[in-house]
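> Got a sequence here, can you model it:
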Amino acid sequence: MTIRVLIVDDQMMVREGFSVLLNAMEGIEVVGEAVDGREAITQVAALRPDVVLMDIRMPHMNGLEATREIVAADTDAKVLVLTTFDLDEYVYQALRAGASGFLLKDASARQLADGVRVVAAGEALLAPSVTKRLIAEFSKLSETPKPADPAGLGELTEREKEVLVLIAQGLSNGEIAGRLIVAESTIKTHVSRILVKLGLRDRTQAAVFAYETRLVTPG
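The predicted structure is shown next:
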């Protein structure tokens, strides 16, 4: 199946560049472009893309606000945030808002295409340099009191908690299956149940939840 992509960026050269790169990749089609967050919301509703490549810093409505509204509208689109800065202050907030991952704008064509495919498949995607920033944000949580009874955590089985920890550590379904010596289909079932029980959108938000509830700690 062809992955349908919407590119959101206020710079025309960036939009055109990404469009050329992605359209040259097998199985990926750029179906539209938007110049800011407001137009992105309209285009997502009209085009129903599989993946939205979202810039953060834009006039009128930034990528963080747009991501939050797109997710709130309960669309099937996955948001992959593109940023120029590996220490972007919006990294943590955007993931909480529902972004499925981050890539830096200087990523290669192959990295960009692979990122789109990973996010479209429902996996989490964090560029290594961005992950460092995210871990730093999570580390700050250790300075605040641990939640007495994290909402939903008690509903998970011990195996589901084990899978959630491995998700937060960045492992794919295949890697988790290898670690636990079970079929990958079994892990997919566990992940689906975890998301339903916790009321989460995807495994990226599951990773955020694991850190916020102290099920996993940085380091």
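> For residue 201, give its distance to residue 179.
As for residue 201, its distance to residue 179 is 24 Å (criterion: C-beta to C-beta, to the nearest Å). C-beta coordinates here come from the backbone N, C-alpha and C atoms, glycine included.
> Looking at those two, which one has more neighbours?
Per other C-beta atoms under 10 Å, whichever of residue 201 and residue 179 has more neighbours is residue 201, with 18 against 14.
> The more buried one sits in which helix or strand?
Using DSSP states H and E, residue 201 sits in no helix or strand.
> cool, and residue 69?
Using DSSP H and E, residue 69 falls in helix 63-72.
> Does that helix pack against any helices or strands, and if so which?
helix 37-47, strand 51-55, strand 78-83, helix 91-97 (3 or more C-beta pairs under 8 Å, 6 or more residues apart in numbering; DSSP states H and E).
> quick one: low-confidence ranges for this protein?
Scanning the chain for pLDDT under 70 picks out the ranges 74-75, 85-89, 124-151, 218-219.
> Going by residue numbers, what spans are helices in it?
Assigned by DSSP state H, the helices in the chain fall at 12-23, 37-47, 63-72, 91-97, 109-120, 128-140, 158-168, 173-180, 184-198, 203-212.
> Count residues in the vicinity of residue 197, would you?
Residues near residue 197, counting by other C-beta under 10 Å, number 15.
> and it, what is it in contact with?
Neighbouring residues of residue 197 by C-beta atoms under 8 Å, 6 or more residues apart in numbering: 152, 155, 156, 160.
> ok, now residue 13?
Contacts of residue 13 by C-beta under 8 Å, 6+ apart: none found.
> same question, the one 10 residues further on
Listed by C-beta under 8 Å, 6+ apart, the contact set of residue 23 reads 29, 30.
> ditto for the one 10 residues further on
Residue 33 makes contact with 6, 7, 8, 9, 15, 19, 43, according to C-beta under 8 Å, 6+ apart.
> Now list the buried members of the residues you listed.
The neighbour-count test (16 or more other C-beta atoms under 10 Å) marks 6, 7, 8, 9, 15, 19, 43 as buried among these.
> coming back round to it: now, of the helices and strands packed on helix 63-72, which is deepest in the fold?
Most buried of the helices and strands packed on helix 63-72, by mean neighbour count (mean count of other C-beta atoms under 10 Å): strand 51-55, with a mean of 27.
> Provide the contact partners of that one at residue level.
Residues contacting strand 51-55 (C-beta under 8 Å, 6+ apart): 3-11, 14, 18, 40, 44, 63, 66-67, 70, 77-83, 99, 116, 119-120.
> Run the chain-centre distance for it.
On the basis of C-alpha atoms, centre = their mean, to the nearest Å, strand 51-55 is displaced by 10 Å from the centre of the chain it belongs to.
> relative to helix 37-47, how tilted is that strand?
Using axes from the mean of the first three to the mean of the last three C-alpha atoms, to 10 degrees, the inter-axis angle of strand 51-55 relative to helix 37-47 is 170 degrees.
> ok so, going back, among the buried ones among the contacts of residue 33, which pair sits farthest apart?
19 and 43 (13.6 Å; C-beta to C-beta).
> Go through stretch 171-181 and flag the buried ones.
For stretch 171-181, by 16+ other C-beta under 10 Å, it's 171, 172, 173, 176, 177.
> quick one: contacts for the fourth one?
By that I understand residue 176. 163, 166, 167, 187.
> now the third one
Under the criterion of C-beta under 8 Å, 6+ apart, the contact partners of residue 173 comprise 123, 184, 187, 188, 191.
> Since that was my last question, I'll sign off now.
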